[in-house]
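K.L.:
Turn this into a model:
(2 chains)
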Amino acid sequence: MSHPAKASEFLKDPDKAKWHDETLWFVRDKRDNSSKGIPEWEKLRGTASQIKDNVLANLDKYLLAFEEKAKANHIHVHWAKDAEEHNQIVLSILQKHKCKAIVKSKSILTEECHLNPFLEKHGVDVVDTDLGERIVQLLHQPPSHIVLPAIHLKKGEISDLFHEKLQTQKGNEDPEYLTHAARTHLREKFLAAKVAITGVNFAVAETGEFVVCTNEGNADMGVHLADVHIACMGIEKIIPRRKDLGVFLRLLARSATGQPITNYNSHFRSPSPGKELHVVLVDNGRTKQLAREKFKNSLKCIRCGACMNTCPIYRRSGGYSYGSVVPGPIGSILSPGLDIKKHSTLPFASTLCGSCSDVCPVKINIHEQLYEWRQEIAKNQGLNVKKLSMQIANGVFSVPFAYQMSGALLRGALKILPSSITYSGLNTWGKQRELPEVPQATFKNWYKKNKA
Amino acid sequence: MSSKASIIASIKEIPLEATELPEIPRFEFSGNLTDNFSIAISNNKGAVISQTQLDNFITSNGITEIIALSAGFDAYNSRTLPSNPHELDNLQLAIIQGQLGVAENGAIWLTDENMGLRALPFITEHLVIVLPKNSLVPFMHEAYEIIGDQQSGFGLFVAGPSKTADIEQSLVIGAHGAKSLQVILI
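P.N.:
This is a model prediction of the structure:
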């Protein structure tokens, strides 16, 4: 299903859509206040962007250096070409430990690899421990936002869900009450799990350590109580030096939620005595994206979600309208690289206003890449309706008489056309929008009359 | 070919232009380290307290299960550190020593040496960190300069209590980990 078709689904509940729009704008606003609170913001963005450029130019060297250091620190390092190999590696570790129940903190990569359904098929009970992720998992839904997984849900829906699954009081919608019910429920899972899986925010080539950031502390509750910790990361998560963390940790939370830093920033360098620590390095299309000169910068992404919160399309269409693991502007430049056919409408789900590029903490030229993907997709596809209308426009604009006539016709038409035609299915921009009032005369006529 | 070899080979095939790895700039800090740190901690929903306030907190909350690892706070200990972290499940208060604090965001650096067990600062119901005033630095950059090539198996920047806003963006303290973070500056 295309982005516009799925966005229409989301917009069927206009009150909820409005709430979604305003709530994400509120998060964007917090990001603005936070970034403006430090005068060095632009300098930090510039530095982070240069560091990531350097990473992409030396990815092989940094990966090998990371592996060498990590191994010396008694970390088991695995390499996976694709999602399937990644999932097999994780499963084989679980089988070695005869483990049938795991806890998992937020990892977009494991979503990308569809690890949960794979493990469940093999009889492993997977519990997502981030509160938002646990909520969507209990609903059998994917996250709708990479930082705020349950942002598409209202507290009434969560209250009903928890009443059914966690036996909370019927109708009690108090977020504190519901959160503490989840705390009790998940505490049992933490205490019972032998293996814990986490994602990785940054992996340091210089030291062989990796960093995981959370506000809930759920990643740490999982791994420090389990015997085995498996950390899954895309190969682009490497940074060169430990001191680079100072730059990225200042940018990440400010961009994501407006906080100066996440409350827990855990640096894993070697396992606790008697425990096991594994890192899985995953390609899954990343080296292909690196080879695309126009699109390789998308790999600089640190997954803060700022481009989603600011995007006028994302805010009004919801995360599910994208039909990709990473939604929003960054998802719309990453996903076509994985499957151009499936994701062909995503680069068009943008006004090209450029706000995504303006807020990106590592200065990815997101809106320019959206435009570039449109060219690629147009080359791949034949003539379509949009192209046809552009060709008509081209004809009209190139002949002055036709332009003047069409203007007069349209001014008349806008007044008399029933809205069912103006807001027809062909014109997706008509949805949720009112047309402006039609001026009485053209600017040309107004000028003739008033120039004296 | 192994997956490692094939991933490395695919990267090597790509003509990539060399780029400079930038030096981390130095930034001017204006303000008072202690004041800024205290404000940052309270913005993160933690608090800077005195030892008297700690005593009152323990009494008023009827706290009896305490592990104190910070030097000079031994008298608070009601039990010893177990070898199995699962036994910490009913721990009400941990008092541990912080190595350094960051004024801009309230982050406090801890390593294995301070925590005893890595689960301790997370699983405890309440967390108190004792931090020398002269360990405060302006930004994360100075913090990493001091950390340097310190070789701890686990290191943590903790900046506040466990929190979440996953239900309608309403902030709730005490998601999974410690329900409070209090800092005693000495």
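K.L.:
make it CA atoms for all contacts and neighbour counts henceforth
P.N.:
Fine.
K.L.:
host element of B:Trp109?
P.N.:
Taking DSSP states H and E as the definition, B:Trp109 sits inside strand B:108-111.
K.L.:
For burial, what's the neighbour tally of residue 114?
P.N.:
By default, I'm working from chain A. Taking other Cα atoms under 10 Å in any protein chain shown as the criterion, the count of residues near A:His114 is 16.
K.L.:
I was thinking of chain B, sorry if that wasn't clear
P.N.:
20.
K.L.:
do B:Arg79 as well
P.N.:
B:Arg79 is flanked by 12 other residues according to other Cα under 10 Å.
K.L.:
Run through who's touching whichever helix or strand comes after the strand holding B:Trp109.
P.N.:
With elements assigned by DSSP H and E, the helix or strand that comes after strand B:108-111 is helix B:112-115. Identification of contacts with helix B:112-115 by Cα atoms under 8 Å, 6 or more residues apart in numbering or on different chains yields B:Leu69, B:Ser70, B:Ile96, B:Gln97, B:Gly98, B:Arg118, B:Pro121, B:Ser152, B:Gly153, B:Phe154, B:Gly155.
K.L.:
just checking, what packs against the strand or helix carrying the third one?
P.N.:
I take that to be B:Ile96. B:Ile96 is located in strand B:93-97, with elements delineated by DSSP H and E. The contact analysis (3 or more Cα pairs under 8 Å, 6 or more residues apart in numbering or on different chains; DSSP states H and E) places strand B:93-97 against strand B:66-68, helix B:112-115, strand B:126-131.
K.L.:
any chance of the contacts of helix B:112-115 in a markdown table, plus neighbour count?
P.N.:
Listed next are those as a markdown table, based on neighbours: other Cα atoms under 10 Å in any protein chain shown:
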| residue | neighbour count |
| --- | --- |
| B:Leu69 | 22 |
| B:Ser70 | 19 |
| B:Ile96 | 24 |
| B:Gln97 | 24 |
| B:Gly98 | 24 |
| B:Arg118 | 24 |
| B:Pro121 | 29 |
| B:Ser152 | 14 |
| B:Gly153 | 18 |
| B:Phe154 | 21 |
| B:Gly155 | 24 |
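K.L.:
Tell me the secondary structure at B:Leu156.
P.N.:
Following DSSP: H, G, I helix; E, B strand; the rest coil, we place B:Leu156 in the strand state.
K.L.:
give me the number of residues near it?
P.N.:
Neighbourhood size, B:Leu156 [other Cα under 10 Å]: 23.
K.L.:
Kindly report the same for A:Ala7.
P.N.:
For A:Ala7, the neighbour count with other Cα under 10 Å is 20.
K.L.:
same thing with A:Pro175?
P.N.:
Neighbour tally, A:Pro175, other Cα under 10 Å: 22.
K.L.:
any idea how far A:Asn450 is from the nearest residue to it once chain neighbours are set aside?
P.N.:
Leaving aside its sequence neighbours, A:Pro175 sits nearest to B:Ile167 (Cα to Cα, 6 or more residues apart in numbering or on different chains; 6.0 Å). Separation of B:Ile167 from A:Asn450 (Cα to Cα, to the nearest Å): 58 Å.
K.L.:
The two - which one has more neighbours?
P.N.:
Just comparing B:Ile167 and A:Asn450: by other Cα under 10 Å the higher neighbour count belongs to B:Ile167, 28 against 7.
K.L.:
hang on, isn't the more buried one packed against A:Lys154?
P.N.:
Yes. In this structure B:Ile167 lies within contact range of A:Lys154 using Cα atoms under 8 Å: 7.4 Å.
K.L.:
A strand includes A:Ala196, no?
P.N.:
Yes. With three-state DSSP as the criterion, A:Ala196 is assigned to a strand.
K.L.:
and the longest helix seen in chain A, how far out from the chain's middle?
P.N.:
If you go by DSSP state H, chain A has its longest helix at helix A:14-36. Counting by Cα atoms, centre = their mean, to the nearest Å, helix A:14-36 is centred 16 Å from the centre of its parent chain.
K.L.:
residues in contact with that helix?
P.N.:
A:10-11, A:41, A:151-152, A:154, A:254-260, A:306, A:309-310, A:315-318, B:169.
K.L.:
do stretch A:137-146 as well
P.N.:
Residues outside stretch A:137-146 that contact it (Cα under 8 Å, 6+ apart): A:108, A:128, A:132-133, A:136, A:149-152, A:161, A:165, A:303-305, A:308, A:318-320, A:326-327.
K.L.:
Quick check: which element contains residue 39?
P.N.:
Picked chain A for this. Short version: A:Pro39 belongs to no helix or strand, going by DSSP H and E.
K.L.:
Wait, chain B was what I had in mind.
P.N.:
For B:Ile39, the element it lies in under DSSP H and E is helix B:33-43.
K.L.:
Does anything pack onto that helix? Which helices or strands?
P.N.:
Applying 3+ Cα pairs under 8 Å, 6+ apart, one finds that helix B:33-43 contacts strand B:47-49, strand B:136-137.
K.L.:
picking up where we left off before, contacting residues around the residue nearest to A:Pro175?
P.N.:
Taking Cα under 8 Å, 6+ apart, we find B:Ile167 in contact with A:Gly132, A:Ala150, A:Ile151, A:Leu153, A:Lys154, A:Lys155, A:Ile158, A:Pro175, A:Thr179.
K.L.:
Secondary structure, pLDDT and distance to A:Thr207 for those - can I get that in a markdown table?
P.N.:
Formatted as a markdown table, the contacts of B:Ile167 follow (DSSP: H, G, I helix; E, B strand; the rest coil; pLDDT from 0 to 100; distance: Cα to Cα, whole Å):
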| residue | secondary structure | pLDDT | distance to A:Thr207 |
| --- | --- | --- | --- |
| A:Gly132 | helix | 97 | 32 |
| A:Ala150 | coil | 97 | 35 |
| A:Ile151 | coil | 96 | 36 |
| A:Leu153 | coil | 96 | 41 |
| A:Lys154 | coil | 96 | 43 |
| A:Lys155 | helix | 97 | 43 |
| A:Ile158 | helix | 98 | 42 |
| A:Pro175 | helix | 97 | 40 |
| A:Thr179 | helix | 97 | 37 |
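K.L.:
and of the residues you listed, the nearest to chain B?
P.N.:
Comparing these against chain B with Cα to the nearest Cα places A:Gly132 closest, at 5.1 Å.
K.L.:
what ranges of chain B fall below the confidence cut-off?
P.N.:
Within chain B, no range satisfies pLDDT under 70.
K.L.:
how much space between the most centrally placed residue in chain B and chain A?
P.N.:
By Cα atoms, centre = their mean, chain B has its centre lying nearest to B:Val158, at 2.1 Å. Here the criterion is Cα to the nearest Cα, to the nearest Å. By it, B:Val158 lies 5 Å from chain A.
K.L.:
That residue - nearest residue in space that isn't next to it in sequence?
P.N.:
Leaving aside its chain neighbours, B:Val158 sits nearest to A:Tyr264 (4.8 Å; criterion: Cα to Cα, 6+ apart).
K.L.:
Surely that neighbour and B:Leu156 touch.
P.N.:
Yes. A:Tyr264 is in contact with B:Leu156 according to Cα under 8 Å; the separation is 6.9 Å.
K.L.:
hang on, the earlier thing: most neighbours out of the contacts of B:Ile167, which is it?
P.N.:
Neighbour max across these (other Cα under 10 Å) = A:Ala150, 28 neighbours.
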